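J.: below are the sequence and a predicted model for it; my questions follow.
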Amino acid sequence: MTKPKTNPWDNADALLMAIRLRKQGIIYPDVEQVLGLVLIEIVKVATAGLIKNPKFRPHKELFFEQDTQSLVLLHVLEKLETIDCTITPRKAVNFIIKSAQNALKNFIRYKNFKKRKGTLLSLEEANNVLPMCSDFFGQTRRHYDDGKVNTQELNH
């Protein structure tokens, strides 16, 4: 027996009502649990829709990892606060799907950025480059070529 395909637009009216209740702070725990399950399924549908694009198909495994799906779900939960509850339920579902897809696109975009790597300097090089330093208490001190540090108060 095959699993029936989920269609996030089938119960869009109930989804939008749950979002309204959540924004007003009067949502019941069982309704919030169902809202969470629906949002998880919407994130999966959004991910499946995004990997249909050949540009994102190589990232299929990364997109469907549980950690990635959780990050996208967190992004969607943050975006729920900005949904205008006067829009049609279909537009609300489309907004959630687009938010999830944008989170995935940003994840890939920023994943490939090079990390900033610092250059370690020896003590002599650091003294030449940075003649001023700070002690544990935040006091400004001056380095000298012999490696010693002046502990007298500096007047600037």
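T.: That came in fine, so what should we check first?

J.: can you pull out the low-pLDDT segments for the chain?
T.: When the per-residue scores of the chain are filtered using pLDDT under 70, the ranges that remain are 1-6, 8, 112-118, 121, 123, 126-156.

J.: all strands of it, in order?
T.: According to DSSP state E, the chain carries its strands in the segments 132-134, 140-143, 149-150.

J.: for residue 27, what are its contacts?
T.: Taking C-beta atoms under 8 Å, 6 or more residues apart in numbering as the criterion, residue 27 is in contact with 18, 21, 35. In short, each C-beta sits where N, CA and C put it, glycine included.

J.: tabulate these (a markdown table), appending distance to residue 70 and neighbour count.
T.: Rendered in a markdown table, the data for these read as follows (distance: C-beta to C-beta, whole Å; neighbours: other C-beta atoms under 10 Å):
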| residue | distance to residue 70 | neighbour count |
| --- | --- | --- |
| 18 | 20 | 21 |
| 21 | 24 | 16 |
| 35 | 16 | 20 |
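
J.: quick one: contacts for the nearest residue in space to residue 40 that is not next to it in sequence?
T.: Taking C-beta to C-beta, 6 or more residues apart in numbering as the measure, residue 40 lies nearest to residue 73, with 6.3 Å between them; neighbours along the chain are not counted. Remark: with contacts taken as C-beta under 8 Å, 6+ apart, residue 73 is in contact with 39-40, 43, 100.

J.: narrow these to those in helices?
T.: With DSSP state H as the criterion, helices contain 39-40, 43, 100 from among these.

J.: greatest separation within the residues you listed: which pair is it?
T.: Between any two of the ones in helices among the contacts of residue 73, the greatest separation by C-beta to C-beta is 10.5 Å, found for 40 and 100.

J.: between these two, point out the one with more neighbours.
T.: For residue 40 against residue 100, the residue with the higher neighbour count under other C-beta atoms under 10 Å is residue 100, and the figures read 25 against 15.
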